[in-house]
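Asks: sharing a model that was predicted from the sequence below.
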2 protein chains.
Amino acid sequence: MSVANTPTARTVFIISDGTGITAETFSHSVLSQFESVSFKQVRVPFIDTVSKADDVVQRINRVAADQGTVPIVFTTLVDPNVLARVKTGNALFLDLFGAFVEPLEHNLGMKSSHSMGKLHKGVNSKQYRSRIDAINFSLAHDDGQFVTGLAQADVILVGVSRCGKTPTSLYLAMQYGVKAANFPLIPEDFERQALPTTITPFRSKLFGLTIQPDRLSEVRHERRPDSRYCSIEQCRYEVAEAERLMRRDGIPMLSTTSKSIEEISTTVLQDVGLDRHTAY
Amino acid sequence: MSVANTPTARTVFIISDGTGITAETFSHSVLSQFESVSFKQVRVPFIDTVSKADDVVQRINRVAADQGTVPIVFTTLVDPNVLARVKTGNALFLDLFGAFVEPLEHNLGMKSSHSMGKLHKGVNSKQYRSRIDAINFSLAHDDGQFVTGLAQADVILVGVSRCGKTPTSLYLAMQYGVKAANFPLIPEDFERQALPTTITPFRSKLFGLTIQPDRLSEVRHERRPDSRYCSIEQCRYEVAEAERLMRRDGIPMLSTTSKSIEEISTTVLQDVGLDRHTAY
């Protein structure tokens, strides 16, 4: 193999009989442990027949031949025939189910059902419908709209404008079926030195998000450049006042400055006691 | 161990130094292969010190003692000391990284960085910001609002009211950073027998969602019970006309009736050619 053929990026196939989203998320997580390597991802979903598996093998072998290195393949394939066929390709195979189903079968004293794409199949399940309901709820109760439904909320995020309430509400709804409303704290509230009266009846559901004023100023600048709204003075004032209100009323509070929506959501679920033991 | 102590649900711990979302998604996928067993999930995120690991071991051992069966533990812990400590608990351990990092190290000819919670760390990364931008875009361009930004859209979902456009747009934005607008097809368009003129300049970005009339009627009934809007006649009319318009203009089309937002999104990404090889 000549040096000229050395690829700059390793090709990674994600091969699944379903969407491949599980394998994709997992592969990102594992491959991020190899920071100096760059990877090029090819997602191949809905591979549920041996004939589709044959097409995939051809793609794998073509990459192996073209690049002079074998691609890395993450699979979540449960049909043994499809899996066996895919594995005839010239690649490093990381079989996510294979690695864990066997110890689980042993531990649980039974065989697995080997059924495909189970995870996202249940669009008529109670769990799936509650996710869709939660998305609709969170959309309708974004930014203090439609306050009449707040009694149905699982959690109400509060904080100054642009501190991360909306994406977090939507993530909680989408990923966990949590009905997450959000309500802004605005200069009017700071002048009155009190939480909006609309949300005070629901104090036990309130969770505060806060943010460093300089980061807030940056975010607001993208939205309304050179406004009073985005000035560092205004951001400092609002954040200080919002934190004071929340502290005074004993509302749990989290800074979003260096946190992803996944990290914020995880903390919210734990603190509000929504990360209850999910039976599934 | 007495029979009376046999638990009805097996306890599953998800233990991570980050949010645990990767391990959680993966565990659901694997455990769904054991349909007859019921599982009770306990997510334990942010375990990044040996002392936190000790607390977890106590929780594991308490469950094992109380239930008379060892819990199942999925871990994504990269710190070898933390992992080793957690593994002293009385459980079946399924070490997600351990199973795959070693073959990858061998294949790539290097050691992994063993750094924690990498996946969601980069809140200042371009990739993370583009996700947040996409969420804001999809929210602003929901249901035909703010049409001035449509030129920036990666994809524009079209279809009758309540066929699944909004949750799919938000999922595409949240999971993939795809700017997904959506635009409703309404009775006015069917009378004119033409797509809305607002979206015709962007035909190559259009993707149609459709749905079985009886399912649509059900969904609309939840929103506006006993209305003309939810009647089966109206739903049949709108779906037939919408499909006719989309077919006539050669817009790719997918029925959402029995598909999850993950499945719809995966198909949209592939068909519109957005599932391009992501370098990461």
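Replies: Okay, I see it.

Asks: what about the helices in the stretch 1-150 of chain A?
Replies: With DSSP state H, counting those that start in this stretch, the ranges of helices along the stretch 1-150 of chain A come out as A:21-31, A:50-67, A:80-86, A:96-108, A:126-140.

Asks: can I assume residue A:170 sits in a helix?
Replies: Yes. Per DSSP: H, G, I helix; E, B strand; the rest coil, residue A:170 lies within a helix segment.

Asks: mind listing what it touches?
Replies: By C-beta atoms under 8 Å, 6 or more residues apart in numbering or on different chains, the residues touching residue A:170 are A:135, A:138, A:139, A:180, B:135, B:139, B:170, B:174. Using the backbone N, CA and C atoms, a C-beta is placed for each residue, glycine as well.

Asks: same question for residue A:158.
Replies: Applying C-beta under 8 Å, 6+ apart, the residues contacting residue A:158 are A:165, A:182-185, A:195, A:199, A:206-209, A:246, A:251.

Asks: same list, those residues, but as TSV with pLDDT and distance to chain B please.
Replies: Formatted as TSV, those follow (pLDDT from 0 to 100; distance: C-beta to the nearest C-beta, whole Å):
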residue	pLDDT	distance to chain B
A:165	96	12
A:182	94	12
A:183	94	16
A:184	95	15
A:185	96	20
A:195	95	25
A:199	93	21
A:206	96	22
A:207	97	16
A:208	98	19
A:209	98	14
A:246	96	22
A:251	96	21
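
Asks: could you list which of these belong to helices?
Replies: Mapping the contacts of residue A:158 onto helices (DSSP state H) picks out A:165, A:246.

Asks: what are the boundaries of the strands in the stretch 151-280 of chain A?
Replies: Ranges of strands in the stretch 151-280 of chain A, per DSSP state E, counting those that start in this stretch, are A:155-159, A:180-184, A:206-210, A:253-255, A:278-279.

Asks: nearest to residue B:42, of those strands?
Replies: Nearest to residue B:42, of all these, is strand A:278-279, at 8.9 Å by C-beta to C-beta.

Asks: before we move on, back to that, ok, and the most crowded of the contacts of residue A:170?
Replies: Using other C-beta atoms under 10 Å in any protein chain shown as the neighbour test, the contacts of residue A:170 are led by residue A:180, with 32 neighbours.

Asks: who's in contact with it?
Replies: Contacts of residue A:180 (C-beta under 8 Å, 6+ apart): A:134, A:137-138, A:141, A:153-157, A:168-170, A:172-173, A:268.

Asks: just to check, residue A:76 is in contact with residue A:18?
Replies: Yes. The criterion here is C-beta atoms under 8 Å, and residue A:76 meets it with residue A:18 at 7.2 Å.

Asks: the bottom helix or strand of chain A by mean pLDDT?
Replies: The weakest-scoring helix or strand in chain A, judged by mean pLDDT, DSSP states H and E, is strand A:278-279 (a mean of 40).

Asks: are stretch A:94-113 and chain B in contact anywhere?
Replies: Yes. Stretch A:94-113 reaches chain B (C-beta under 8 Å from any C-beta of the partner chain) through A:94, A:96-97, A:99-101, A:103-104, A:107-108, A:110, A:112-113.

Asks: hang on, the earlier thing: right, and the strands of the stretch 151-280 of chain A - which one's nearest residue B:35?
Replies: Closest among the strands of the stretch 151-280 of chain A, using C-beta to C-beta: strand A:278-279, at 13.7 Å.

Asks: count of residues packed around the closest residue to residue A:272 other than its chain neighbours?
Replies: Among residues not flanking residue A:272 along the chain, residue A:155 sits closest, at 5.0 Å (C-beta to C-beta, 6 or more residues apart in numbering or on different chains). Counted with other C-beta under 10 Å, residues neighbouring residue A:155 total 24.

Asks: quick one: residue A:155 and chain B, what's the gap?
Replies: 16 Å (C-beta to the nearest C-beta, to the nearest Å).

Asks: again with residue A:128
Replies: 6 Å.

Asks: residue contacts, the residue lying closest to residue A:239 once chain neighbours are set aside?
Replies: Spatial nearest neighbour of residue A:239, excluding adjacent residues (C-beta to C-beta, 6+ apart): residue A:213 at 4.9 Å. Residues in contact with residue A:213 (C-beta under 8 Å, 6+ apart) are A:232, A:235, A:236, A:239.

Asks: in ChimeraX, how would I select the buried members of these?
Replies: Selecting only the buried entries of the contacts of residue A:213 in ChimeraX, with 16 or more other C-beta atoms under 10 Å in any protein chain shown as the criterion:
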select /A:235,239
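
Asks: pull the most distant pair out of the contacts of residue A:213.
Replies: It's A:232 and A:239 that sit farthest apart of these, by C-beta to C-beta, at 10.4 Å.

Asks: touching chain B at all, stretch A:70-82?
Replies: Yes. Judged by C-beta under 8 Å from any C-beta, stretch A:70-82 and chain B are in contact via A:70, A:72, A:76, A:78.

Asks: let me have the residues you listed in JSON lines, extended by pLDDT.
Replies: Output for the residues of stretch A:70-82 next to chain B, formatted as JSON lines (pLDDT from 0 to 100):
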{"residue": "A:70", "pLDDT": "94"}
{"residue": "A:72", "pLDDT": "97"}
{"residue": "A:76", "pLDDT": "92"}
{"residue": "A:78", "pLDDT": "87"}
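
Asks: take the residues you listed and keep only those in strands.
Replies: Of the positions in the residues of stretch A:70-82 next to chain B, A:72, A:76 sit in strands, assigned by DSSP state E.
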